[in-house]
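S.K.: Predicted model follows, preceded by the sequence.
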Amino acid sequence: MTAQEILAKLVSFSVLGGESNLKIINWLKDYIESFGVEIYLVPNKTNTKASLHCRIGPAVDGGVILSGHTDVVPVKEQPWNTNPFELVEKPDGNLYARGSCDMKGFLACCLAVLPKMVKTKLKKPIYFAFTYDEEVGCLGAPSLINHIKKTYSEKPKYAIIGEASMLQPIIGQKSIHIIDITVNGSQGHSSRIKQEVSAVHEAARIVMWAEEKMNSLINSGSIDSRFEPPHSSLHTGIINGGIAPNIIANKAFLSLDIRCLPQDDANQMYQDLKNYCKSREKALNPIFSSFRIDVVENHPIVPSLNTNENSDVINLIGKITGNYNWTTVSYASEAGHFANAGFESIICGPGSIAQAHRANEYISKNQLKKGVEMIKNLVKHLKTSI
């Protein structure tokens, strides 16, 4: 099958982040096994989802992991011009479908080159590592990585995460942490604002705390000009509460999106937030003893990526893409998890991130072709030396 034919099949599986991915993972399993490759599935606790990994080539140190995810973001209320779960080729040379760019295009490239991988006498192995629930917090990656480390006696050296980058190497990403906060105040007449505890007012203070925290990091000099913006960011994307202007709100909800530079401590940021909320509880419990602020992780911290500029993986990517000019991004991916597990990690894949998460998402046929060429070049490189 060609990469385009495989991509057409992959996008037909409308697996959203958080949903069961067993249909697509079983199709991937059957396809890969048809070439005589042994597959390992890593299910979640309820056996409703699974990640997949396998090795092609010899059981020796120094191999390369090719990593991608099987889930996509929703299409609801987006103005699609075509069926988002059917690959549509248009005269402009683009292939339209949800996930065509993010990131089933990369999976299709890997699978299209699989027959060549199997037939080639590789000196170093190639691994596939395909996950679930990347789009809702990279939830499947940690267990998959742990399973890889336990399964193989040898140690892979590199991890290439094929997120859409127009095949430009990406060596740095910010961490991401989404935190849901529920403020429980007391209800009463608006004239009694000093005798009650307004959940809306306290939610607003948390928003201002986040703004001031971000500014304090900037003012302290925690800057990395490789990123845009060049500092850690704290952003309130959702806030709501109250039922009427003249009623003190007893309930408010807000959601914080925190993206940290590699040099800033995301865990400490989370602890600082919890400490601030506890201090507000202590200050206002004398007014309303049941005042409470519940701070809950929407998902665990997705770690940052900070691959060294002199890392061997940059040279490897340069050899198989012809592009040695690296960059950084402010979005998160599974690359940080692989890096923390000890693999030299880099983001590099076909398609443009500008097409991700939007209506009429597409990958160009040219980018898909170049993605296949990158994987073929990797096979050729591992056949000779690494």
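M.R.: Sure, I can see it. Since this is a predicted model, take the numbers as computed values, not measurements. Numbers count the residues shown, from 1 in each chain.
S.K.: nearest residue to residue 318 other than its sequence neighbours?
M.R.: Sequence neighbours aside, residue 324 is the residue nearest to residue 318 in space, at 3.8 Å (criterion: CB to CB, 6 or more residues apart in numbering). (Glycine included, C-beta is placed from N, CA and C.)
S.K.: For the residue nearest in space to the middle of the chain, list the residues it contacts.
M.R.: Centroid-nearest residue in the chain: residue 333, 3.0 Å away (criterion: CA atoms, centre = their mean). Applying CB atoms under 8 Å, 6 or more residues apart in numbering to residue 333 gives the contacts 134, 138, 161, 163, 173, 302, 305, 347.
S.K.: List the contacts of the fourth one.
M.R.: The one in question is residue 163. Applying CB under 8 Å, 6+ apart as the definition, the contact partners of residue 163 turn out to be 102, 103, 106, 170, 333, 335, 347, 349, 353.
S.K.: Residue 93 versus that one, what's the distance?
M.R.: When CB to CB, to the nearest Å is the yardstick, residue 163 and residue 93 sit 22 Å from each other.
S.K.: and the residue nearest to residue 74 when sequence neighbours are not counted, what does it touch?
M.R.: Spatial nearest neighbour of residue 74, chain neighbours left out: residue 16 (5.5 Å); criterion: CB to CB, 6+ apart. When contacts are counted by CB under 8 Å, 6+ apart, residue 16 touches 71, 72, 73, 74, 135.
S.K.: and with 7 Å instead?
M.R.: Contacts for residue 16 (CB atoms under 7 Å, 6 or more residues apart in numbering) come out as 71, 72, 73, 74.
S.K.: Can you give me the neighbour number for the first one?
M.R.: When you say that, I think you mean residue 71. By the criterion of other CB atoms under 10 Å, residue 71 has 27 neighbours.
S.K.: In terms of pLDDT, where does the residue lying closest to it once chain neighbours are set aside sit?
M.R.: Spatial nearest neighbour of residue 71, excluding adjacent residues (CB to CB, 6+ apart): residue 17 at 4.4 Å. According to the model's per-residue confidence, residue 17 sits at a pLDDT of 95.
S.K.: wait, isn't residue 17 in contact with residue 133?
M.R.: Yes. Proximity of residue 17 to residue 133 meets the contact threshold set by CB atoms under 7 Å, at 5.5 Å.
S.K.: Give me the common contacts of the two.
M.R.: Common neighbours of residue 17 and residue 133 are listed as residue 71 (criterion: CB under 7 Å, 6+ apart).
S.K.: Look at the two and report which has more neighbours.
M.R.: Under the neighbour definition other CB under 10 Å, residue 17 and residue 133 were set side by side, and residue 133 has more, 23 against 20.
S.K.: Show the model's pLDDT score for the more buried one.
M.R.: Predicted confidence (pLDDT) at residue 133: the value is 97.
S.K.: what about it, distance to residue 232?
M.R.: Counting by CB to CB, the gap between residue 133 and residue 232 amounts to 25 Å.
S.K.: Okay, helices next: where are they in the stretch 151-300 of the chain?
M.R.: Remark: helices assigned in the stretch 151-300 of the chain by DSSP state H, counting those that start in this stretch are 199-219, 266-284.
S.K.: Just name the most buried of these.
M.R.: For these, the stretch with the most neighbours on average is helix 199-219, a mean of 17; neighbours defined as mean count of other CB atoms under 10 Å.
S.K.: per-residue confidence averaged over that one?
M.R.: The predicted model gives helix 199-219 an average pLDDT of 98.
S.K.: ok, and what's touching it?
M.R.: By CB under 7 Å, 6+ apart, the list of residues contacting helix 199-219 from outside reads 181, 183-185, 231-234, 236, 239, 241-242, 249-252, 254, 256, 264, 272, 276, 280, 293.
S.K.: now do stretch 57-64
M.R.: Residues contacting stretch 57-64 (CB under 7 Å, 6+ apart): 122, 124-127, 152-158, 160, 378, 382, 386.
S.K.: So which of the residues you listed wins on neighbours?
M.R.: Result: residue 160 is most packed of those (other CB under 10 Å), 31 neighbours.
S.K.: In the sheet, which residues pair with that one? Tell me.
M.R.: Going by DSSP bridges, residue 160 is paired in beta bridges with residue 66, residue 346.
S.K.: Could you do residue 363 as well?
M.R.: As for beta bridges, residue 363 partners with residue 95 under DSSP bridges.
S.K.: Tell me the confidence at it?
M.R.: According to the predicted model, the pLDDT of residue 363 comes to 98.
S.K.: now residue 222: how far from residue 69?
M.R.: From residue 222 over to residue 69 (counting by CB to CB), the distance is 30 Å.
S.K.: who has more neighbours, these two?
M.R.: Neighbours were tallied for residue 222 and for residue 69 using other CB under 10 Å; the higher tally belongs to residue 69 (30 against 15).
S.K.: ok, and the closest non-adjacent residue to that one?
M.R.: Distance criterion CB to CB, 6+ apart; nearest residue to residue 69, sequence neighbours excluded, is residue 134 at 3.4 Å.
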